Structures are given as structure tokens and as C-alpha cells.
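In: Provided below are the primary sequence and the corresponding predicted coordinates.
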Amino acid sequence: MHMAKDEVDVKMEIPGAVIRQRLNFGDATGYSKISGEYFTLSAGVDTTPLFQGLNHNSCHCPHWGFVLKGQITTTDDAGGQETVKTNDLFYWPPGHNVKVDADAEIVMFSPQHEHTHVINHMIEKVTS
């Protein structure tokens, strides 16, 4: 699920402030600590080889985030694809791979335990 900024409902607008809110934007039920993450990614980065060996060879951690710049396409375990770009809010459910289409910077919020496991797996892949 992703959404351009202009598609997020305006809840309040006063001089100097616009408050936008999208309800039901993913579900964090059952997760404990959340980590805040800032990723800088170059065009061409593809997580497919990095996720080899994980469940279904994909990331099974949900992420909520915002694209500061660039473009990224995710592919889910069923083969469905979705592209997010500059100024999009996004939710990536468990079971995805990521390909960077254009140099990107993103801010994400992820369940800390689950995503640390995935990041450590990626570190092992590039250092072994």
C-alpha cells in the first residue's frame, strides 16, 4: 500500500499548518519496539540475493515509511509489484523484495526485532 501526499486526507488546515491523516495504514498489533530507519539506496540495488535463505527468500518484516526522493519497486511473495516514489507514504507488508529504480532516500519504521534479524542476515551475506 502506498499513497502520494496529496491523496492523504486533510483533517485540519489553518494558516501555517496542514494536518493530513490516513487511517488504517497497516497494523502493528503484536509487535514490541519499533526502530526508526533512514536508508540511502543507489539505483540498481536489488535485495533478492541478500534475502536468499530467509523464509520464502524475502523480508518478512512489515515497514511503514516515506520516500524522501527516488523510486523503489517491491515484489511480494505472490509476484505482485508496487512502485513508490518521491513524497509517497508506504506500507510494505511481510513477504517482499525491493529493487531501487532511481537513487532513493527513505525513512522507515519497522518492528525492531524482526528487521534486525533481516539486516543481520544481509550483513552476513555481504561479509561471507
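Out: Happy to help now that I have it.

In: Can you tell me what sits against the helix or strand containing Glu114?
Out: Under the criterion of DSSP states H and E, Glu114 resides in helix 112-127. The contact list for helix 112-127 (C-beta atoms under 8 Å, 6 or more residues apart in numbering) reads 31-35, 37, 47, 49-54, 59-63. Glycine gets a C-beta too; all of them are placed from N, C-alpha and C.

In: swap the cut-off to 10 Å and go again
Out: Under the criterion C-beta atoms under 10 Å, 6 or more residues apart in numbering, residues 31-37, 47, 49-54, 58-63, 94, 108-111 lie in contact with helix 112-127.

In: buried ones in stretch 70-88?
Out: By neighbour count on 16 or more other C-beta atoms under 10 Å, the buried set for stretch 70-88 is Gly70, Gln71, Ile72, Thr74, Thr75, Asp76, Glu82, Val84, Lys85, Asp88.

In: same question, stretch 32-51
Out: For stretch 32-51, by 16+ other C-beta under 10 Å, it's Phe39, Leu41, Thr47, Leu50, Phe51.

In: Quick one: end-to-end distance for it.
Out: Stretch 32-51 stretches 23 Å from its first residue to its last (C-alpha to C-alpha, to the nearest Å).

In: One more: stretch 80-98?
Out: Distance across stretch 80-98, first residue to last, is 12 Å (C-alpha to C-alpha).

In: and it, average pLDDT?
Out: The average pLDDT within stretch 80-98 is 96.

In: How about stretch 2-12?
Out: 84.

In: chain center to stretch 41-49, what's the gap?
Out: 13 Å (C-alpha atoms, centre = their mean, to the nearest Å).

In: any chance you could map the strands in the chain?
Out: For the chain, the strands defined by DSSP state E occupy 2-4, 10-14, 17-20, 34-41, 63-76, 81-85, 88-92, 96-111.

In: Sketch out the low-pLDDT regions of the chain for me.
Out: For the chain, no stretch is flagged by pLDDT under 70.
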